[in-house]
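A.B. asks: Provided below for reference: sequence and predicted model.
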Amino acid sequence: MADKSTKPAKRLSADSTNSHEGATGGELSALEEAFRKFAVHGDTRATGKEMHGKNWSKLCKDCHVIDGKNVTTTDVDIVFSKIKAKGSRTITFDQFKEALQELSKKRFKGKSEEEALQEMYKLIEGKGPGLSGVTKTVSSPTVSRLTDTSKFTGSHKERFDASGKGKGRAGREDLVDNSGYVSGYKHAGTYDHKVQGNKSYDRQTDMTQTS
């Protein structure tokens, strides 16, 4: 009876240990995924197994390992040079973890070595390279004023109609008007309509007088 009661306790302890190891493995897996994403960034020939110094610096910036206070760009460069193999320009994933361990001591002062390392992992896990150098549309009073066609003057004003739509060629060149009307005449094209209306009126008047 005593033996049966002790076996489940041992089994629970083993399950608890396995669960902790599984969580650690999951964390490292997410960390390695981030490592690979940054390792291949900007290099179509990269395999993701090694990381160049440039991508290492980008990872530290994008994931906020560099905080400008405890960890600076210089710190990141020094650690990279210290960790990489002599004559090499890249670091492996294992060396990457060593570099993070070095920086975690500076980044999370006051925490234990293990806690600092876990906090460092959290900054990076599941992350990927962010876009930089992308021009964003900025709305400002100056831009709005320069693009408001209602405020244009001179030849620039002639290139747009009242709604702000460009006139195309007519707004850039003086096109010859062969319609026979004086330039700017507002009732162009209404003559035929008026003549037809007068004829219809005369016809109705004749019929009335005849009857």
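C.D. replies: Thanks, I have it.
A.B. asks: look up how far residue 61 lies from the closest residue to residue 62 other than its chain neighbours.
C.D. replies: Distances taken as CB to CB, 6 or more residues apart in numbering put residue 130 closest to residue 62, at 4.7 Å, once the chain neighbours are dropped. No exception for glycine: its C-beta is placed from N, CA and C like everyone else's. From residue 130 across to residue 61, the span is 9 Å (CB to CB, to the nearest Å).
A.B. asks: between these two, which is the more surrounded one?
C.D. replies: Using other CB atoms under 10 Å as the criterion, residue 130 and residue 61 rank with residue 61 on top: 14 against 11.
A.B. asks: host element of that one?
C.D. replies: Under the criterion of DSSP states H and E, residue 61 resides in helix 53-62.
A.B. asks: do the same with residue 91
C.D. replies: Here residue 91 is covered by strand 90-92, with elements defined by DSSP H and E.
A.B. asks: what packs against whatever helix or strand comes next after that strand?
C.D. replies: Sequence order places helix 93-107 as the next helix or strand after strand 90-92, per DSSP H and E. Counting contacts by 3 or more CB pairs under 8 Å, 6 or more residues apart in numbering; DSSP states H and E, helix 93-107 packs against helix 2-39, helix 53-62, helix 73-83, helix 113-124.
A.B. asks: name the residues that touch the helix holding residue 61?
C.D. replies: Under the contact criterion CB atoms under 8 Å, 6 or more residues apart in numbering, helix 53-62 has outside partners 34-35, 38-39, 41-43, 51, 65-66, 71, 73, 76-77, 80, 84, 89-91, 96, 99, 103, 124, 127, 129-130.
A.B. asks: any stretches of the chain with poor pLDDT?
C.D. replies: 1-28, 131-211 (pLDDT under 70).
A.B. asks: what about stretch 123-130, how long is it end to end?
C.D. replies: 14 Å (CA to CA, to the nearest Å).
A.B. asks: cool, stretch 62-80 as well?
C.D. replies: Span of stretch 62-80 from end to end, CA to CA: 16 Å.
A.B. asks: give me the buried positions along it.
C.D. replies: For stretch 62-80, a neighbour-count test (16 or more other CB atoms under 10 Å) marks 62-63, 65-66, 71, 75-76, 79-80 as buried.
A.B. asks: make a markdown table from the residues you listed and add distance to residue 56 to it.
C.D. replies: Shown next, in a markdown table, are the buried residues of stretch 62-80 (distance: CB to CB, whole Å):
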| residue | distance to residue 56 |
| --- | --- |
| 62 | 11 |
| 63 | 11 |
| 65 | 10 |
| 66 | 11 |
| 71 | 13 |
| 75 | 12 |
| 76 | 7 |
| 79 | 9 |
| 80 | 5 |
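A.B. asks: quick check, nearest of those residues to residue 114?
C.D. replies: Nearest to residue 114 among the buried residues of stretch 62-80 is residue 65, at 17.6 Å by CB to CB.
A.B. asks: test my guess that that closest one contacts residue 76.
C.D. replies: Yes: counting by CB atoms under 8 Å, residue 65 touches residue 76, with 7.1 Å between them.
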